[in-house]
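[1] no FASTA, just this:
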DNA sequence: TCATTCGTGTCAGTCTTCTGACACGGGTCA
DNA sequence: TGACCCGTGTCAGAAGACTGACACGAATGA
């Protein structure tokens, strides 16, 4: 349908984007029947592992802006999946927590997402996986530290 | 600011998302002064390496829907960065090509993006990079082939 | 030959996310 | 103590991307 790639097919950056896109698509596919989006799930998973996270912290953890996360949190609060105190215990920070209902929804989602990750990692040895982990970590750190200096 | 991660910090999927997010942010940062977005740049780069790509093919290459790419192409056409024939030479496919103006804009963008990629890869050996390439490729393929069977 | 299927370009509407901006609480330091 | 900076929550508007739908051309297979 088109000639062979010239350079893009050798770019780690492009491949990284491709992998991330494929992962997101696969996650959306298994999350859709559960009525959840990826950001939705990320938020719940973060809250399960680190209860009491603030809106801004959740946003950073899910790689969206705090404005976007706030919209999501309001929806989750309406649905009764999370709770936030009406007034801030200290400062302006509103610590968020999962409700039992939210926790139940998360359990199904976690299982679905885990199956995707297993599928993604199929065919890779443990050594390859930890190698990939270390390299990706290095990439993130390199991009971040240059950002700071800028 | 929060307790140590329980599980998320060990997940390759999460790290993949983190790396992709960091890369996108770094690219947006260097592309913004040039008045371009990441998708914008991706489209131009694709066209430079594979002239005559159709709207749908560009969309797949940039990991967006063909509707989104169409909006972008119309804007690029208005600005005079790309050209599309008024009528399809064959079927409905409209082969797109860069104009000299588009090519000039792309050159600056390519240099900026390349510097980001170099920064990202700093501290990694050639062997590590090709290892990462192979592993990411494997992940994409694993996710895709399961998609087909589904 | 004809019908079915597939891929394409495009229109319309909706939704999500983002950028920009504001006021507020807390910590730092002179 | 008071000024300053930082992080936070929130509102409003804009931009980007998506889903759903339609018509059309080409390829496939009976």
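    All right, it came through fine. Every value quoted in this text rests on a predicted model; they were computed, and no experiment measured them.

[2] please report the distance of residue A:123 from chain B.
    6 Å (CB to the nearest CB, to the nearest Å). Every residue, glycine included, has its C-beta placed from N, CA and C.

[3] do the same with residue A:107
    From residue A:107 over to chain B the distance is 14 Å, taken as CB to the nearest CB.

[4] helix or strand right after the helix or strand where that residue lies?
    Using DSSP states H and E, residue A:107 maps to helix A:100-121. Sequence-wise, the next helix or strand downstream of helix A:100-121 (DSSP H and E) is helix A:126-149.

[5] for that following helix, give the mean pLDDT please.
    What helix A:126-149 shows for mean pLDDT is 87.

[6] who does it touch, helix- and strand-wise?
    helix B:12-31, helix B:100-121, helix B:126-149 (3 or more CB pairs under 8 Å, 6 or more residues apart in numbering or on different chains; DSSP states H and E).

[7] okay, buried residues for that helix please.
    A:128, A:131, A:132, A:133, A:135, A:136, A:138, A:139, A:140, A:142, A:143, A:146 (16 or more other CB atoms under 10 Å in any protein chain shown).

[8] on that earlier part again, dump the helices and strands packed on helix A:126-149 to CSV, plus distance to residue A:29.
    CSV is the format used below for those (distance: least, CB to CB, whole Å):
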stretch, distance to residue A:29
helix B:12-31, 14
helix B:100-121, 29
helix B:126-149, 7
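
[9] rewinding a little: return the member of the buried residues of helix A:126-149 nearest to residue A:48.
    Of all the buried residues of helix A:126-149, residue A:48 sits closest to residue A:133, with 21.7 Å by CB to CB.

[10] right, and that closest one touches residue B:15 too?
    Yes: using CB atoms under 8 Å, residue A:133 is in contact with residue B:15, at 6.3 Å.

[11] what about the one residue in chain A that gets nearest to chain B, neighbour count?
    Residue of chain A nearest chain B, by CB to the nearest CB: residue A:20 (3.5 Å). By other CB atoms under 10 Å in any protein chain shown, the residues close to residue A:20 number 23.

[12] touching, it and residue B:20? I think so.
    Yes: taking CB under 8 Å as the definition, residue A:20 is a contact partner of residue B:20 at 3.5 Å.

[13] where does pLDDT dip in chain A?
    A:1-7, A:146-150 (pLDDT under 70).

[14] what count of nearby residues applies to residue A:100?
    Around residue A:100 there are 9 other residues, counting by other CB under 10 Å.

[15] also residue A:39?
    As a burial measure, residue A:39 scores 17 neighbours (other CB under 10 Å).

[16] gap between the nearest residue to it once chain neighbours are set aside and residue B:90?
    Among residues not flanking residue A:39 along the chain, residue A:62 sits closest, at 5.5 Å (CB to CB, 6 or more residues apart in numbering or on different chains). Counting by CB to CB, to the nearest Å, the gap from residue A:62 to residue B:90 is 45 Å.

[17] who's more crowded, the two?
    A count of neighbours by other CB under 10 Å puts residue A:62 above the other of residue A:62 and residue B:90, at 22 against 6.

[18] and chain A, which residues reach DNA strand D?
    Residues of chain A that fall close to DNA strand D, judged by CB under 7 Å from any atom of the strand: A:54, A:55, A:56, A:57, A:66, A:67, A:70, A:88, A:91, A:92, A:93, A:94.
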